[in-house]
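Undergrad: pasting a predicted model and its sequence here:
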Amino acid sequence: MVALKSKLTNWIHERFDFSYVQQFASEKKVPHFKGSFWYYFGGVSLFLFIVQVVTGILLLMYYQPGAGTAFESVHFIISKVQFGWLIRSIHSWSANLMVLSVFIHMFSVYFSKAFRKPRELIWYSGFILLVLTFAFGFSGYLLPWNTLSYFATKVGTEITAVVPVVGKPIMHLLRAGDDVTTATLTRFFGLHVAIFPAIFAVILSIHLLLIQVQGISEPESWKEYPIEKKKFMPFFPNFVMRDVLLWLIVLNVLAILAVYFPWELGHKADPFVSAPVGIKPEWYFLFMYESLKYFPAKIWKVDGEVVGVLLFGFAGLLWFLVPFWDNRTPKGLRNRLINYLGILVVLFIITMTIVSVK
């Protein structure tokens, strides 16, 4: 066995020179401090994306997009295909956990000021990945073509229509027409399994490349420490093994959720019936959905919903441009306003989500 392994290693080295990769992995160090645990949520997000890809490919072997086939094909998967119910449940739960993990990763980067110069591009690419994660969730939600997903998509696409000038064209582009039909389902299917994954893969590759080139961010407090007082952990095998261990824990959590709380299919969508009472979007859109309820019907002769959507868009733009308007952190100065603002955003999202669930 040892001789076979040695021959295989020599065969690979003769054809591919991995000496640079081996040297890079052996020399790469990761900052090790009290809050370094939050670094691992980037790896968890990556792992859950891989789970999404693998389970999505397996589901794609049986899924058939179309108003007359989508619901039936999903029902066939969960009732007839061996372990089909488990694969679908893992796919659905991993999608939700991925959104949660990306959220946690984004806020950990924000509070640790890891967006500061020269790491702006890492923040920008990460924000784009967050938006694409939302897009994955929104487009994939319709694919089972059940009652809940149909009307939730109808409500979600209607919200885009309130944006002045570009709102209605965007709604028509998403729906592939004036209403949610089988053309909408086909379009969402194409977006979910082809266009979004391709864009996501490119942005993710850039994101990971930037991290490898610039290294993992050191905490702000380390600027005052001499080099001998800073603690580092070898990337390989220490950091990698801890990352893999956390992946295994997440996989176990995912398996428990999928087995004990299998994702329900519900009833087939019927466009001719009334929308169910109390229909709501997925949990990661609830804070926006609930917030829009508190806007009055008219604000200075403008529809309150329009003002709310525009405010959320402006807030998202400001969040995206944090490295641009935060001019204190890059200079090594403390910026408590950034921390207070981040805490306020976290509390707002959690509060509005809880209120909407109740």
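TA: Good, I have the coordinates.
Undergrad: pLDDT on stretch 218-230, on average?
TA: For stretch 218-230, the per-residue pLDDT values average out at 68.
Undergrad: same deal with stretch 98-113?
TA: Mean pLDDT, computed over stretch 98-113, is 92.
Undergrad: before we move on, what about stretch 76-87?
TA: Throughout stretch 76-87, pLDDT has a mean value of 95.
Undergrad: and if you look at stretch 249-267?
TA: What stretch 249-267 shows for mean pLDDT is 94.
Undergrad: now do the buried residues in that stretch.
TA: Taking 16 or more other Cβ atoms under 10 Å as the basis for neighbour counts, the residues of stretch 249-267 that come out buried are 250, 254, 257-258, 262-263, 265. Every C-beta, even on glycine, is put in place using the N, C-alpha and C of the backbone.
Undergrad: what's the answer for stretch 235-246, then?
TA: So stretch 235-246, judged by 16+ other Cβ under 10 Å, has buried residues 235, 239, 242-243, 246.
Undergrad: mind listing which of the residues you listed are in helices?
TA: Filtering the buried residues of stretch 235-246 for membership in helices, criterion DSSP state H, returns 242-243, 246.
Undergrad: could those residues be laid out in TSV, adding pLDDT?
TA: Output for those, formatted as TSV (pLDDT from 0 to 100):
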residue	pLDDT
242	87
243	88
246	92
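Undergrad: re earlier: from the buried residues of stretch 249-267, which ones fall inside helices?
TA: Among the buried residues of stretch 249-267, the residues falling in helices (DSSP H) are 250, 254, 257-258.
Undergrad: which of the buried residues of stretch 249-267 lies closest to residue 312?
TA: Of all the buried residues of stretch 249-267, the one sitting nearest residue 312 is residue 263; the distance, using Cβ to Cβ, is 28.3 Å.
Undergrad: so the closest residue to that closest one other than its chain neighbours: helix, strand or coil?
TA: The shortest distance from residue 263 to any non-neighbouring residue, by Cβ to Cβ, 6 or more residues apart in numbering, is to residue 92 (4.0 Å). The three-state label for residue 92, taken from DSSP: H, G, I helix; E, B strand; the rest coil, comes out as helix.
Undergrad: likewise for residue 116?
TA: For residue 116, the secondary structure call by three-state DSSP comes out as coil.
Undergrad: measure it to residue 300 for me?
TA: Here residue 116 is placed at a distance of 38 Å from residue 300 (Cβ to Cβ, to the nearest Å).
Undergrad: neighbour-wise, which of those two wins?
TA: Here residue 116 and residue 300 are compared on neighbour count by other Cβ atoms under 10 Å; more neighbours surround residue 116, at 20 against 5.
Undergrad: and which of the ones in helices among the buried residues of stretch 235-246 is nearest residue 66?
TA: Relative to residue 66, and with distances defined as Cβ to Cβ, the nearest of those is residue 246, at 39.6 Å.
Undergrad: can I assume the closest one is in contact with residue 42?
TA: No: in this structure, residue 246 is not within contact of residue 42 by Cβ atoms under 8 Å, at 10.9 Å.
Undergrad: OK, contacts around residue 113?
TA: Contacts for residue 113 were tallied using Cβ atoms under 8 Å, 6 or more residues apart in numbering; they are 217, 220, 329, 335, 338.
Undergrad: and those as JSON lines, adding secondary structure, distance to residue 288 and neighbour count?
TA: Rendered in JSON lines, the data for the contacts of residue 113 read as follows (DSSP: H, G, I helix; E, B strand; the rest coil; distance: Cβ to Cβ, whole Å; neighbours: other Cβ atoms under 10 Å):
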{"residue": "217", "secondary structure": "coil", "distance to residue 288": "29", "neighbour count": "18"}
{"residue": "220", "secondary structure": "helix", "distance to residue 288": "31", "neighbour count": "16"}
{"residue": "329", "secondary structure": "helix", "distance to residue 288": "28", "neighbour count": "17"}
{"residue": "335", "secondary structure": "coil", "distance to residue 288": "27", "neighbour count": "17"}
{"residue": "338", "secondary structure": "helix", "distance to residue 288": "22", "neighbour count": "18"}
